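> quick one: sequence plus predicted model below, questions after.
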Protein chains: 2
Amino acid sequence: MGPKAAETRTSAPRTPLTRERVLRAASDLADRDGLDALTMRALADELGVEAMSIYYHLPNKNAILDGVVELTFAEIAAEAAAQGPARADAAGWSAAVRARILGARRVLLRHPWAPVVIDQRKSFSPAMVRHVDGIVGVMRDSGMSHDLIHHSLHAIGNRVYGYVQELSDDGQAPPPGQLEQMQSFAPHLAAMLAEVAHVDPESTLGWCDDQTEFEFGLDLLLEGIERRRLAEAAERSGPADR
Amino acid sequence: MGPKAAETRTSAPRTPLTRERVLRAASDLADRDGLDALTMRALADELGVEAMSIYYHLPNKNAILDGVVELTFAEIAAEAAAQGPARADAAGWSAAVRARILGARRVLLRHPWAPVVIDQRKSFSPAMVRHVDGIVGVMRDSGMSHDLIHHSLHAIGNRVYGYVQELSDDGQAPPPGQLEQMQSFAPHLAAMLAEVAHVDPESTLGWCDDQTEFEFGLDLLLEGIERRRLAEAAERSGPADR
DNA sequence: GTCGTAAGACTTACGATGTAAGGGAGCGAT
DNA sequence: ATCGCTCCCTTACATCGTAAGTCTTACGAC
């Protein structure tokens, strides 16, 4: 049959399993058949392999879930890179952040399972941290305080990726070395966390006052809606005035 | 042993199982041990019964999940009732909505699993519909258009209960009779839906343009953050001026 | 060649979980 | 007594993640 196999085996030589191949197949499978269909056996089938073989390359299913989220954020980073550096002046921070968020959303629409997984695993992969760091950088360039940026991140993050569950997040403190390590590849975020943590000594990185964050985001929405309402009323009463 | 049982049975006479008793036990169990611990067998244990006995009162586990969400919204309704009718004039709509949202959140903090379940089951129980209807009513009293209310609901709803997954919601059309039925116990919501659906004929109730809703909510946040930024800048440069 | 060795896949098996199917126990009405 | 209804129990199965151990293959050393 065509090229005679070097082996006496009749089947194709089968490209070897790797962590990357497994994760890509997992992502594809979830895209195609939904998150529920992503089982170890189905994934193994997809790879032409037995379920337990996967465990040689990844320790367990949670590692796979973390891995596919990581892949997704890599895609988001690629999307962001594709539309240029997008650093902005003070007035333009909003458009820059908007572009990044909508870019992320475009990717997430291709992987609708991703927010679900992010939510239930609270994963904080390096790729995700870098993404957030970029947003912090843009905001910082606009002159915002770290405190304001911090609240804003909660408000926006809640909207884009899944994490609804600030509900009693019980934010566990991270291993103490982590902040220093973060400094290298997420400097803006690290700086923000250092300052915010400084103000509120308990809860070093993990996390903030949920109720405060919740009300902050809620009030942003309510204020915005109120302005829309006033605009409607003005429109109704006097479009005469222009 | 104490009061001799009327039966020859040695154990207590055991209050009979009912749908309500099952759901309450399920809610309590999830509160105490987490959503993962809510299994049919654990729930049965909790009730002093075998797992399969539950199926006489509820058809399957999904019905239980829907049921506990319903219970939760009943609690939210009670919370809302406890703080008075809270109808407001045009200017006060915001405070009234705020109070309702925060009331709902207080309940959801007692049941951290609830948003997760709401999210993954997209349940629309009558109690939930009534809750939303109340908010629509308050907003309507302030003179807002149905269209604005509709967008606002998306923005706020996304924040309070889980539903992150407007991501490709693929909003399925509801059974056609549903809107008329809703008219009786959720008049404001029904009116809004009738008008919104009228403007956009496809997708009768189910649902709206995700991208539009997403951007609406995002822009509310971005605008609000921008105003906070300007306030900070003003504060920094000239607190002299007052 | 032929071995030893280790990487990498496979086999088997176990304990959860949701639930289909059917088996009664109890009891009021006839 | 016996039927029939309500309500609970027993048994069993498919599917899931994964622990434990085995077999296969490739390859370097002799």
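It's in. Residues are numbered from 1 along each chain as shown, chains lettered A, B, ... in the order given.
> how far away is residue A:104 from residue A:231?
Between residue A:104 and residue A:231 the computed distance is 29 Å (C-beta to C-beta, to the nearest Å). All C-beta spots, glycine's among them, are computed from the backbone N, C-alpha and C.
> cool, and residue A:15?
When C-beta to C-beta is the yardstick, residue A:15 and residue A:231 sit 59 Å from each other.
> what comes up buried for the one helix or strand residue A:131 maps to?
Here residue A:131 sits within helix A:126-141, counting by DSSP states H and E. In terms of neighbour count (16 or more other C-beta atoms under 10 Å in any protein chain shown), helix A:126-141 has its buried residues at A:127-141.
> which helices and strands sit right next to that helix?
Applying 3 or more C-beta pairs under 8 Å, 6 or more residues apart in numbering or on different chains; DSSP states H and E, one finds that helix A:126-141 contacts helix A:61-82, helix A:93-110, helix A:146-160, helix A:178-185, helix A:187-199.
> CA atoms of that helix as CSV?
Output in CSV follows, covering the C-alpha atoms of helix A:126-141 (Å, rounded to 0.1, in the frame of the first residue of the first chain):
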residue,chain,number,x,y,z
PRO,A,126,1.2,31.9,33.0
ALA,A,127,-0.4,32.8,29.7
MET,A,128,-3.4,34.0,31.5
VAL,A,129,-1.3,36.1,33.8
ARG,A,130,0.5,37.6,30.9
HIS,A,131,-2.8,38.6,29.3
VAL,A,132,-3.9,40.3,32.4
ASP,A,133,-0.6,41.9,32.8
GLY,A,134,-0.9,43.5,29.4
ILE,A,135,-4.2,45.1,30.3
VAL,A,136,-2.8,46.4,33.6
GLY,A,137,0.1,47.9,31.6
VAL,A,138,-2.3,49.8,29.3
MET,A,139,-4.3,51.1,32.2
ARG,A,140,-1.2,52.1,34.1
ASP,A,141,0.0,54.1,31.1
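> now do that helix: distance to the chain's middle.
Distance, stretch centre to chain centre, for helix A:126-141: 11 Å (C-alpha atoms, centre = their mean, to the nearest Å).
> could you tell me the angle between that helix and helix A:146-160?
130 degrees (axes from the mean of the first three to the mean of the last three C-alpha atoms, to 10 degrees).
> point out where chain A drops to low pLDDT.
A:1-14, A:85-88, A:160-177, A:198-208, A:239-242 (pLDDT under 70).
> near DNA strand C, which residues of it are found?
With C-beta under 7 Å from any atom of the strand as the criterion, chain A comes near DNA strand C at residues A:16, A:17, A:44, A:49, A:50, A:51, A:52, A:53, A:55, A:56, A:57.
> want to throw those into a markdown table with secondary structure and neighbour count?
Formatted as a markdown table, the residues of chain A next to DNA strand C follow (DSSP: H, G, I helix; E, B strand; the rest coil; neighbours: other C-beta atoms under 10 Å in any protein chain shown):
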| residue | secondary structure | neighbour count |
| --- | --- | --- |
| A:16 | coil | 7 |
| A:17 | coil | 18 |
| A:44 | helix | 18 |
| A:49 | coil | 17 |
| A:50 | coil | 11 |
| A:51 | helix | 14 |
| A:52 | helix | 10 |
| A:53 | helix | 14 |
| A:55 | helix | 12 |
| A:56 | helix | 11 |
| A:57 | coil | 17 |
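> next, format the residues you listed as TSV and append distance to chain B.
Formatted as TSV, the residues of chain A next to DNA strand C follow (distance: C-beta to the nearest C-beta, whole Å):
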residue	distance to chain B
A:16	34
A:17	30
A:44	25
A:49	29
A:50	28
A:51	22
A:52	24
A:53	27
A:55	22
A:56	27
A:57	26
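> those: which two are farthest apart?
Using C-beta to C-beta, the pair of these lying farthest apart is A:16 and A:51, separated by 17.0 Å.
> roughly how far does the residue nearest the centre of chain A sit from residue B:48?
Using C-alpha atoms, centre = their mean, the residue of chain A that lies closest to the mean C-alpha position is residue A:128, 4.9 Å off. Note on residue A:128: its distance to residue B:48, by C-beta to C-beta, is 45 Å.
> which element is residue A:30 on?
Using DSSP H and E, residue A:30 sits within helix A:19-33.
> how distant is that helix from the center of its chain?
On C-alpha atoms, centre = their mean, the centre of helix A:19-33 falls 18 Å from the chain's centre.
> repeat that for stretch A:47-63.
Taking C-alpha atoms, centre = their mean, one finds the center of stretch A:47-63 at 24 Å from the center of the full chain.
> give me the contacts around it.
Defining contact as C-beta atoms under 8 Å, 6 or more residues apart in numbering or on different chains, one finds that stretch A:47-63 is touched by A:14, A:17-19, A:21-23, A:25, A:40-41, A:43-44, A:64, A:67, A:121.
> can you measure across it, start residue to end residue?
From its first residue to its last, stretch A:47-63 covers 17 Å (C-alpha to C-alpha, to the nearest Å).
> wait, does that stretch make contact with DNA strand D?
Yes. Applying C-beta under 7 Å from any atom of the strand, one finds that stretch A:47-63 is in contact with DNA strand D at A:51, A:52, A:55, A:60, A:61, A:62.
> what's the domain layout of chain A?
A:14-58, A:65-164+A:183-208 (automatic domain parsing).
> just say which of these is most tucked in.
Mean neighbour count, computed with mean count of other C-beta atoms under 10 Å in any protein chain shown, is highest for domain A:65-164+A:183-208 among the domains of chain A, reaching a mean of 18.
> buried ones in the lengthiest helix in chain A?
Assignment by DSSP state H gives helix A:210-237 as the longest helix of chain A. For helix A:210-237, a neighbour-count test (16+ other C-beta under 10 Å) marks A:210, A:213-218, A:220-226, A:228-229 as buried.
> returning to what we had before: turn the helices and strands packed on helix A:126-141 into CSV, including distance to residue B:74.
Output for the helices and strands packed on helix A:126-141, formatted as CSV (distance: least, C-beta to C-beta, whole Å):
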stretch, distance to residue B:74
helix A:61-82, 34
helix A:93-110, 34
helix A:146-160, 26
helix A:178-185, 43
helix A:187-199, 38
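> wait, which of the ones you listed is closest to residue B:32?
Proximity to residue B:32, assessed across the helices and strands packed on helix A:126-141 by C-beta to C-beta, is greatest for helix A:61-82 (24.0 Å).
> report the angle between that closest one and helix A:126-141.
Using the same axes, to 10 degrees: helix A:61-82 against helix A:126-141 is 40 degrees.
> starting at the chain centroid, how far to helix A:61-82?
The mean C-alpha position of helix A:61-82 is separated from the chain mean by 8 Å, C-alpha atoms, centre = their mean.
> stretch A:35-44 too?
23 Å.
> say whether DNA strand D is contacted by that stretch.
Yes. Applying C-beta under 7 Å from any atom of the strand, one finds stretch A:35-44 touching DNA strand D at A:38, A:39, A:40, A:41, A:42.
> on that earlier part again, of the domains of chain A, which is nearest residue B:111?
Across the domains of chain A, closest to residue B:111 is domain A:65-164+A:183-208 (C-beta to C-beta), at 13.4 Å.
> gap between residue A:229 and residue B:95?
Distance from residue A:229 to residue B:95, by C-beta to C-beta: 14 Å.
> ok, residue A:146 touching residue A:190?
No. With contact defined as C-beta atoms under 8 Å, residue A:146 does not reach residue A:190; the gap is 10.9 Å.
> before we move on, back to that, closest one to DNA strand C out of the buried residues of helix A:126-141, please.
residue A:127 (24.9 Å; C-beta to the nearest atom of the strand).
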